[in-house]
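Chemist: need coordinates for the below:
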Amino acid sequence: MSIRSIPSFSVLTGAGTPGAASSPIRPEPHRLRLQTLVRLRWLAVAGQTLTVMFVYLALEFPLPLGPCMAAIAVSAWLNILLSIRFRANLRLRNRYATLLLAYDIVQLAVLLYLTGGLQNPFSFLFLVPATVSASTLPLHKTVLLGVLTLIVSTTLAFFHMPLPWYADEPLVLPVIYIGGVWTAIVCGLVFMGIYVRRISEEARRMSKALAATELVLAREQQLSALDGLAAAAAHELGTPLATIALVAKELKRELPEAGPHAEDLDLLTSQAARCREILSTLTAYEDDETDHVFARLKLSVMISEIVQLLPGDSVEISVSCAADPDTASPLQREPVVLRNPGVIYGLENLIENAADFATSTVHLAARWNAGQVTLTIEDDGPGIAPDVIDKLGEPYVSTRSHTSSVVPVDDGAHDGMGLGFFIAKTLLERSGAWVSAKNRKRPESGAVVTVTWPRADLDVGA
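Modeler: Predicted coordinates:
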C-alpha cells in the first residue's frame with residue numbers, strides 16, 4: 001500500500017542547520033544532554049567514595065587510599081568544571097559525549113587496577129557507559145566504546161594490584177574464574193548493547209511517528225473548524241444582508257419602474273435573498289449547537305464523498321452498502337455518522353492505498369448489524385508481502401516496495417516514509433475502530449483491509 005505524503009515539521013535539537021526546519025520527518029540522531037552525564041557521574045562519585053571508605057574503614061582491608069581518592073576526585077572536579085563552563089541543558093555532539101563516556105571507562109579501570117582488577121566484584125560496572133552509549137549514540141560510537149571496554153578489561157585480567165582482603169588470609173582466585181568474569185563482561189556488553197539500542201530505536205521511531213500523526217490530525221481539525229467559522233460568518237452577515245435588501249427595496253420604490261436601474265435593483269434584491277437562503281442553511285443547527293446539518297451524514301454518503309476525493313480514474317472503485325441479512329428492524333437503518341476528520345482521513349488513506357496497488361478494481365463493502373459496523377476494502381493487486389504483513393501498522397514500515405519492511409532513512413529513492421498506514425490506523429482506532437489487514441485467499445490476489453467499529457461508537461442517528 002502506498003504511503004501518503006504528510007506535512008514537514010522541525011526537529012529541535014538545540015543547534016539547527018540551515019534548512020533543517022523544513023526537512024521532512026526522518027529519524028534524527030539523538031543527542032545526549034550534558035546534565036545527564038553529569039548526574040550519572042555524581043552518582044558514580046558518591047558510590048565509589050562510599051565503597052572505598054567502607055572497605056578501608058569498616059572492613060579494614062589494606063588498599064591504596066590516596067590514589068583511589070585521587071581518581072575519584074578527578075571525576076568530581078571534571079563535573080564541577082563542566083557544570084560551570086557549560087549550560088546544564090546543553091545537547092552534546094556525539095564526539096564529545098563519546099569522549100566523556102570513554103573517560104568514565106578509563107577512570108573505572110584505574111580504580112579497578114588499584115583494587116584487584118577483574119577480581120573486584122564491581123568490574124561489572126564496565127557495562128554502564130556502553131549501555132548509555134547504546135541508548136543515545138550512533139552505532140559506530142558504541143562499538144568504539146565497546147572495544148575500549150574490552151581492551152581495558154582484558155588488561156585488568158593480567159595486570160592489577162592485589163584485591164583488598166585480610167592480610168593474614170590472602171585471596172587467590174583461579175585463572176578460570178577470572179576468565180569467567182571476563183566472558184561475563186563481554187557477553188553483557190553484547191547483550192545489553194543490542195537490547196538497549198533496539199529498545200531506544202523503537203521508542204524514538206514511535207515518538208516521531210506519533211508526532212507526525214498529531215500533525216496530520218491537527219491539519220484535519222483545522223479543516224473541520226471551517227464549519228464553525230462558516231456558521232459564525234452566517235450570523236455576522238445576516239444583518240448587513242437584511243440592510244442591503246431593505247435599501248434595494250426602498251430604492252426600487254422611489255425610482256421609476258421603467259428606469260435604467262430597475263433591472264439592477266431586481267437583481268440585487270434576488271441575490272441578497274439567495275445569500276440569506278444560503279446563510280439560513282448554514283445556521284440550520286439541531287438541538288446540539290455543535291451538531292448542525294452538515295456534521296451528520298449516512299455511512300454510504302461519507303464513503304461516496306471519500307471516493308470522489310481520490311485522484312485519477314485508472315482504477316474502478318465499486319461500493320456496496322447493506323445491512324447483514326439477519327439484522328432485524330429498526331437496526332436495518334443505515335448508520336448515521338459524524339463528519340469526523342480523523343475517520344475521513346484514515347479511510348481516504350486506506351482506499352487510496354488500495355487504488356494505488358490495484359490492477360483494475362477496488363471494492364468497498366460496508367455492512368452493519370445490531371452490534372457493529374464493518375467496512376472492507378479489497379483490491380486485486382499483488383497483495384501484501386509476507387515480510388511486511390506482520391509489521392504493518394508499525395511506524396516506518398512501508399508496503400510500497402514489497403521488498404523491504406523498513407524504509408531507509410537517507411535513501412531518497414523510496415516513494416513513502418512508512419507512516420501512511422500507521423497514521424490511518426491510529427486515527428481510526430481513536431474513533432473506536434480496530435483495523436486488520438490480510439491477503440485474499442488463493443487463487444485470488446490482492447489485499448483486504450477491514451475496519452470495524454462498535455455500532456454504539458459510530459452510529460449517532462438513533
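Chemist: and the strands in the chain?
Modeler: When secondary structure is read from DSSP state E, the chain shows strands at 296-298, 316-323, 336-338, 361-368, 372-379, 434-439, 447-454.
Chemist: ok, the third one: who's next to it in the sheet?
Modeler: It stands for strand 336-338. The strands beside strand 336-338 in its sheet (DSSP bridges) come out as strand 296-298 (antiparallel).
Chemist: tell me the pLDDT at Asp379?
Modeler: The confidence metric pLDDT takes the value 91 at Asp379.
Chemist: hey, what's it bridged with?
Modeler: The bridge-partner assignment for Asp379, based on DSSP bridges, gives Val362.
Chemist: hmm, Ala447 and it touching each other?
Modeler: Yes: in terms of Cβ atoms under 8 Å, Asp379 counts as a neighbour of Ala447; the distance is 5.8 Å. Every residue, glycine included, has its C-beta placed from N, CA and C.
Chemist: quick revisit: can you tell which of the strands of the chain is closest to Leu34?
Modeler: With distances scored as Cβ to Cβ, the stretch of those nearest to Leu34 is strand 434-439 (42.7 Å).
Chemist: how big is the angle separating the closest one from strand 372-379?
Modeler: Note on geometry: by axes from the mean of the first three to the mean of the last three Cα atoms, to 10 degrees, strand 434-439 and strand 372-379 are set 30 degrees apart in direction.
Chemist: so which bits of strand 434-439 are buried?
Modeler: Applying a neighbour-count criterion of 16 or more other Cβ atoms under 10 Å, one finds Val435, Ala437, Asn439 buried in strand 434-439.
Chemist: in the sheet, who's paired with the last one?
Modeler: Which is Asn439. When assigned by DSSP bridges, Asn439 has beta-bridge partners Ala447.
Chemist: if I pick it, what's in contact with it?
Modeler: Shown here is Asn439, whose contacts under the criterion Cβ atoms under 8 Å, 6 or more residues apart in numbering are Gly383, Ile384, Ile389, Ser445, Gly446, Ala447, Val448.
Chemist: may I ask which of those has the most neighbours?
Modeler: Note: the member of the contacts of Asn439 with the most neighbours is Ala447, at 24 neighbours, neighbours being other Cβ atoms under 10 Å.
Chemist: mind showing which ranges of this protein have poor pLDDT?
Modeler: Confidence mapping of the chain against pLDDT under 70 gives the ranges 1-30, 216-217, 219-235, 281-294, 312-313, 326-331, 393, 395-419, 462.
Chemist: again, only this time at 50
Modeler: The model of the chain has pLDDT under 50 over residues 1-29, 285-292, 401-417.
Chemist: which single helix of it contains the most residues?
Modeler: In terms of residue count, the longest helix belonging to the chain (DSSP state H) is helix 175-254.
Chemist: among the strands of the chain, which is nearest Thr183?
Modeler: strand 434-439 (44.8 Å).
Chemist: isn't Ser300 right next to Val337, touching?
Modeler: No: the pair Ser300 and Val337 does not pass the contact test of Cβ under 8 Å, sitting 10.2 Å apart.
Chemist: between those two, point out the one with more neighbours.
Modeler: A count of neighbours by other Cβ under 10 Å puts Val337 above the other of Ser300 and Val337, at 23 against 16.
Chemist: for Lys298, see how far away the more buried one is.
Modeler: Here the criterion is Cβ to Cβ, to the nearest Å. By it, Val337 lies 8 Å from Lys298.
Chemist: with Leu59 instead?
Modeler: Taken as Cβ to Cβ, the span from Leu59 to Lys298 is 81 Å.
Chemist: looking at those two, which one has more neighbours?
Modeler: With neighbours defined as other Cβ under 10 Å, Leu59 and Lys298 compare such that Lys298 has more, 15 against 11.
Chemist: hmm, back to that, mutual contacts of Asp379 and Ala447, please.
Modeler: Residues touching both Asp379 and Ala447 by Cβ under 8 Å, 6+ apart: Ala354, Phe357.
Chemist: in CSV: the contacts of Asn439, plus distance to Gly371.
Modeler: CSV is the format used below for the contacts of Asn439 (distance: Cβ to Cβ, whole Å):
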residue, distance to Gly371
Gly383, 30
Ile384, 28
Ile389, 27
Ser445, 32
Gly446, 28
Ala447, 26
Val448, 21
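Chemist: show me which pair in those residues is furthest apart.
Modeler: Considering Cβ to Cβ, no two members of those lie farther apart than Ile389 and Ser445, which are separated by 13.9 Å.
Chemist: what comes up buried for stretch 68-76?
Modeler: In stretch 68-76, residues buried by neighbour count (16+ other Cβ under 10 Å) are Cys68, Met69, Ala71, Ile72, Ser75, Ala76.
Chemist: which residues touch it?
Modeler: Contacts with stretch 68-76, where a contact means Cβ under 8 Å, 6+ apart, come from 41-42, 44-45, 48-49, 52, 104, 107, 110-111, 114-115.
Chemist: hey, C-alpha coordinates of that stretch in CSV?
Modeler: Included here for stretch 68-76 are C-alpha records, laid out as CSV according to Å, rounded to 0.1, in the frame of the first residue of the first chain:
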residue,chain,number,x,y,z
CYS,A,68,41.8,5.8,44.9
MET,A,69,40.5,9.1,46.3
ALA,A,70,42.6,11.0,43.8
ALA,A,71,41.0,9.1,40.9
ILE,A,72,37.5,9.8,42.4
ALA,A,73,38.5,13.5,42.9
VAL,A,74,39.4,13.9,39.2
SER,A,75,35.8,12.9,38.3
ALA,A,76,34.4,15.3,40.8
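Chemist: pull the distance from it to the chain's centre.
Modeler: Using Cα atoms, centre = their mean, to the nearest Å, we find the averaged C-alpha position of stretch 68-76 to lie 43 Å away from the chain's own average C-alpha position.
Chemist: what's the answer for stretch 251-270, then?
Modeler: Here stretch 251-270 shows a centroid-to-chain-centroid distance of 63 Å under the convention Cα atoms, centre = their mean.
Chemist: gap between the two ends of that stretch?
Modeler: 14 Å (Cα to Cα, to the nearest Å).
Chemist: now stretch 249-262
Modeler: One end of stretch 249-262 to the other measures 11 Å (Cα to Cα).
Chemist: got the contact list for it?
Modeler: With contacts defined as Cβ under 8 Å, 6+ apart, stretch 249-262 is touched by Leu265, Asp266, Thr269.
Chemist: list only buried entries from the residues you listed.
Modeler: Neighbour-count burial (16+ other Cβ under 10 Å) applied to the contacts of stretch 249-262 gives Leu265, Thr269.
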